[in-house]
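>>> Take this sequence and fold it.
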Amino acid sequence: MITPKVIGWIALAFAIMANVVANASIKAAVLRAPAELGFRYLLQVASEPRFWTGVACAGLVLGLYTVAIRSIPVSVAYMTITSMAMVGLVLVDKSVFDVAIGSTRVFGMLLIVCGVWLVSRGA
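The predicted structure is shown next:
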């Protein structure tokens with residue numbers, strides 16, 4: 001039998017993935033919009049399917065997060081989702097948007113992962 005705590009961690013893992021997809025999709029939509037800000041910019045972003053994919057994933061994040069915090073302390077769940085999504089987005093930046101990742105960023109991500117592990121051990 002799957003316990004509520006396991007369901008919470010599974011929901012949180014899917015929320016992290018949805019968070020990464022949401023942010024990457026919105027970024028991709030924004031990059032296709034005109035450079036100048038204004039009403040035309042907002043219309044262009046709003047007309048991008050990637051933008052709406054990001055919005056849908058953001059809603060999914062919220063739903064999954066509410067499932068997770070039923071059995072995981074909110075302090076642990078919030079720290080886990082934000083920090084692990086950040087690690088995922090650094091990897092997306094590198095693989096999709098061709099952003100350089102230096103050794104300092106890699107070391108920082110390792111510290112984040114270790115910190116998440118330490119904080120969530122008792123949760």
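>>> How about the contacts made by the nearest residue to Arg32 once chain neighbours are set aside?
Nearest residue to Arg32, sequence neighbours excluded (Cβ to Cβ, 6 or more residues apart in numbering): Glu48, at 5.9 Å. Quick note: C-beta positions are derived from backbone N, CA and C, even for glycine. Going by Cβ atoms under 8 Å, 6 or more residues apart in numbering, Glu48 touches Ala28, Ala29, Arg32, Ala33.
>>> hmm, which of those are the buried ones?
Among the contacts of Glu48, those scoring as buried are Ala28, Ala29, Ala33 (criterion: 16 or more other Cβ atoms under 10 Å).
>>> that older thread, what are the phi and psi angles of the residue nearest to Arg32?
phi -80, psi 120 (degrees, to the nearest 10).
>>> what's the spacing between it and Met17?
21 Å (Cβ to Cβ, to the nearest Å).
>>> Met109 too?
Between Met109 and Met17 the computed distance is 17 Å (Cβ to Cβ).
>>> now Ala35
31 Å.
>>> got the contact list for Val96?
Ala24, Ala28.
>>> could you redo the last one with a cut-off of 10 Å?
Ala24, Lys27, Ala28, Leu89 (Cβ atoms under 10 Å, 6 or more residues apart in numbering).
>>> ok, the third one touching Gly54?
Yes - taking Cβ atoms under 10 Å as the contact criterion, Ala28 and Gly54 are neighbours in contact, 8.2 Å apart.
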